[in-house]
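Asker: Prediction below, plus the sequence it came from.
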Amino acid sequence: MKRTPGERTAGAAIGPARALGVLSLLAMTALQVASGLDARPDRYVTAIVALLAASAVAFAADAWGPRRAAGAFCAAVLTGYAAELAGVLTGFPFGSYSYTDVLWPQVGGVPVVVTLAWGGMGLAAYAVGAALATGWGRICAGAGALTAWDLFLDPQMVGLGLWAWAEDGFYRGIPLSNFAGWLVVSALVMLVIGRVARGPAQAGERLARKAAPAGERFAREPAPASGLLVLYTVMAVMETVAFAAVFVPADPLVAAAGGLAMGGFAAAAWRRSWQR
């Protein structure tokens with residue numbers, strides 16, 4: 001069977017895209033450690049997210065090619081931005097919240113760095129879903145993996161004063177509606193990433209896909225991206241350690257909830273990858 005350029009690269013020496021992904025991931029990890037030791041960790045947020053996004057795009061480019069990786073990332077960013085803009089204007093789909101003036105620049109009240117986070121972690125979560133399932137199962141698994149990250153993200157960012165909820169919620173002041181909204185938006189992010197990463201189908205493929213049963217219409221899936229699995233796993237480990245032992249005060253509840261959720265997705269994805 002003919003292999004894609006990304007698949008050939010993965011089986012050979014480390015190419016420039018993968019090397020960039022590794023370097024960006026190492027730099028992001030170093031900044032996360034530094035932020036955990038600093039009295040003003042909010043100063044590191046923009047740089048950490050930018051490196052996260054760079055690492056994700058580089059790993060995706062290594063697997064799918066630069067054009068599809070960039071397209072998938074931009075599609076996820078725009079989807080995340082649309083959801084955030086609707087959220088700050090209407091309270092749907094996450095609940096009523098607003099961003100403070102800590103993160104700049106902002107477009108329509110939404111920090112640009114927040115949209116980059118949707119893109120970067122969206123790609124990583126998509127790789128988790130791709131390792132676990134195909135078709136709609138991939139979309140659901142990827143959405144769950146991305147939502148699991150928010151079990152860490154929201155408590156941390158609310159604690160840093162980057163955004164605030166109109167009313168206190170059940171989970172560290174965060175309403176359950178937020179996580180329901182995350183699942184919905186994350187599913188949309190998975191859909192757009194998958195559509196772009198698959199690339200345009202030829203006429204024959206389109207006809208065959210239309211004729212296939214509904215559950216088989218995702219047959220043309222993007223190549224696996226192990227670098228994105230590494231990125232997701234590193235984020236799970238770093239966040240768990242931070243909440244368990246680095247942040248002052250420590251938060252065992254968030255460490256356990258986020259660690260079990262993200263760690264469970266990561267472990268299952270690696271297990272399925274090794275079985276193939």
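Answerer: Looks like it arrived, so ask away.
Asker: quick one, helices of the chain?
Answerer: Along the chain, the segments classed as helices by DSSP state H run 5-11, 16-37, 45-64, 66-90, 112-132, 135-159, 176-198, 203-211, 226-241, 252-275.
Asker: could you give the angle of the fourth one to helix 226-241?
Answerer: Angle between the axes of helix 66-90 and helix 226-241 is 40 degrees (criterion: axes from the mean of the first three to the mean of the last three CA atoms, to 10 degrees).
Asker: okay if I get the helices of the chain as a markdown table plus mean pLDDT?
Answerer: What follows is these, written out as a markdown table (pLDDT from 0 to 100):
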| stretch | mean pLDDT |
| --- | --- |
| helix 5-11 | 42 |
| helix 16-37 | 96 |
| helix 45-64 | 98 |
| helix 66-90 | 98 |
| helix 112-132 | 98 |
| helix 135-159 | 97 |
| helix 176-198 | 97 |
| helix 203-211 | 47 |
| helix 226-241 | 98 |
| helix 252-275 | 97 |
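Asker: looking at the ones you listed, which is closest to Glu167?
Answerer: helix 176-198 (10.0 Å; CB to CB). Using the backbone N, CA and C atoms, a C-beta is placed for each residue, glycine as well.
Asker: so what's the spatially most central residue of the chain up against?
Answerer: Against the mean C-alpha coordinate of the chain, by CA atoms, centre = their mean, the closest residue is Met121 at 1.7 Å. When contacts are counted by CB atoms under 8 Å, 6 or more residues apart in numbering, Met121 touches 52, 56, 146, 149, 232, 235.
Asker: Tabulate the helices of the chain in a markdown table, adding columns for distance to Trp104.
Answerer: Below are these laid out as a markdown table (distance: least, CB to CB, whole Å):
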| stretch | distance to Trp104 |
| --- | --- |
| helix 5-11 | 35 |
| helix 16-37 | 18 |
| helix 45-64 | 9 |
| helix 66-90 | 15 |
| helix 112-132 | 8 |
| helix 135-159 | 15 |
| helix 176-198 | 23 |
| helix 203-211 | 44 |
| helix 226-241 | 24 |
| helix 252-275 | 27 |
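Asker: Apart from its chain neighbours, what residue comes closest to Ala266?
Answerer: Thr233 (4.4 Å; CB to CB, 6 or more residues apart in numbering).
Asker: quick one: the one you found and Phe265 touch, right?
Answerer: No - the pair Thr233 / Phe265 is not scored as a contact, 9.4 Å apart, by CB atoms under 8 Å.
Asker: ok, those two, which is more surrounded?
Answerer: It is Phe265, of Thr233 and Phe265, that has more neighbours when counted by other CB atoms under 10 Å, with 27 against 19.
Asker: which residue sits closest to that one, ignoring its sequence neighbours?
Answerer: Phe265's closest residue in space is Ala145 (CB to CB, 6+ apart), at 4.3 Å.
Asker: swap in Val88?
Answerer: Using CB to CB, 6+ apart, the closest residue to Val88 is Gly109 (4.7 Å).
Asker: give the contact list for that neighbour.
Answerer: 85, 88-89, 98-99.
Asker: From the contacts of Met121, pick the one nearest Val45.
Answerer: Closest to Val45, out of all of those and judged by CB to CB, is Leu52, at 10.4 Å.
Asker: How many residues are close by the closest one?
Answerer: Neighbours around Leu52, by other CB under 10 Å: 26.
Asker: residues in contact with the residue lying closest to it once chain neighbours are set aside?
Answerer: The shortest distance from Leu52 to any non-neighbouring residue, by CB to CB, 6+ apart, is to Gly120 (4.3 Å). Residues counted as contacts of Gly120 (CB under 8 Å, 6+ apart) are 49, 52-53, 55-57, 73.
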